[in-house]
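1. how would this look folded up:
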Amino acid sequence: PPSSSPATTATLTPPALPLSHWRTLPLPITSAYKILHDGASYIHATSTKYTLVGKIDSTEGGNLAIELRKGAELIGTSTLLFFSPSCGASRSLRHYVKQSSRALLASVIALVKSFEDGVSQGAANDGNNVGAVKTG
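-> Predicted coordinates:
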């Protein structure tokens, strides 16, 4: 009769898959994530800088527009990469990226409108924190 010792049952069990197999992201997805993060960081740094300055003249307004546009272009590029068939992103990831990209761009539009309307501009230390709220 076959013995049911632990040594014989252990040899019949196939080895388990390594746990790290789900954490390794393909290179296109990693690259798209990096571009998305770089765009968001660029927008955040730009909006914070100009909100702290508080006053935008015609020269600085041109620089603000250029810098925010660069950040928005990075966001758009990464979103397109996630949606490309060669990237291999899942449906849930594409949904999340689309939702996040729209929110980032809506924040940029709200910030630009607050500068255009003059709502976020004021004198130093006057308690006007509208620009900071729009930046967040």
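2. what stretches of the protein score poorly on pLDDT?
-> For the chain, the stretches with pLDDT under 70 are 1-23, 51-61, 118-136.
3. and the helices in it?
-> 6-12, 27-53, 58-83, 91-117, 130-135 (DSSP state H).
4. make TSV from those helices and add mean neighbour count to it.
-> C-betas here are computed from N, CA, C, even on glycine. Converted to TSV, the helices of the chain look like this (neighbours: other CB atoms under 10 Å):
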stretch	mean neighbour count
helix 6-12	8
helix 27-53	17
helix 58-83	16
helix 91-117	15
helix 130-135	18
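5. isn't Ser86 up against Pro28?
-> Yes - counting by CB atoms under 8 Å, Pro28 is a contact partner of Ser86 at 6.6 Å.
6. show residues contacting stretch 72-85.
-> For stretch 72-85, contacts defined as CB atoms under 8 Å, 6 or more residues apart in numbering pick out 28-29, 31-33, 35-36, 38-40, 42-43, 87, 89, 93-94, 97-98, 101, 104-105, 108.
7. with just CA atoms, put that stretch into PDB.
-> C-alpha atoms of stretch 72-85 as PDB (Å, rounded to 0.1, in the frame of the first residue of the first chain):
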ATOM      1  CA  ALA A  72      -1.100  69.500 -20.100                       C
ATOM      2  CA  GLU A  73       0.700  68.100 -23.200                       C
ATOM      3  CA  LEU A  74       2.500  65.600 -21.000                       C
ATOM      4  CA  ILE A  75      -0.800  64.500 -19.500                       C
ATOM      5  CA  GLY A  76      -2.400  64.200 -22.900                       C
ATOM      6  CA  THR A  77       0.500  62.200 -24.300                       C
ATOM      7  CA  SER A  78       0.500  59.800 -21.400                       C
ATOM      8  CA  THR A  79      -3.300  59.300 -21.700                       C
ATOM      9  CA  LEU A  80      -2.900  58.500 -25.400                       C
ATOM     10  CA  LEU A  81      -0.200  56.000 -24.600                       C
ATOM     11  CA  PHE A  82      -2.400  54.200 -22.100                       C
ATOM     12  CA  PHE A  83      -5.100  54.000 -24.600                       C
ATOM     13  CA  SER A  84      -2.900  52.600 -27.400                       C
ATOM     14  CA  PRO A  85      -3.500  48.900 -28.200                       C
END
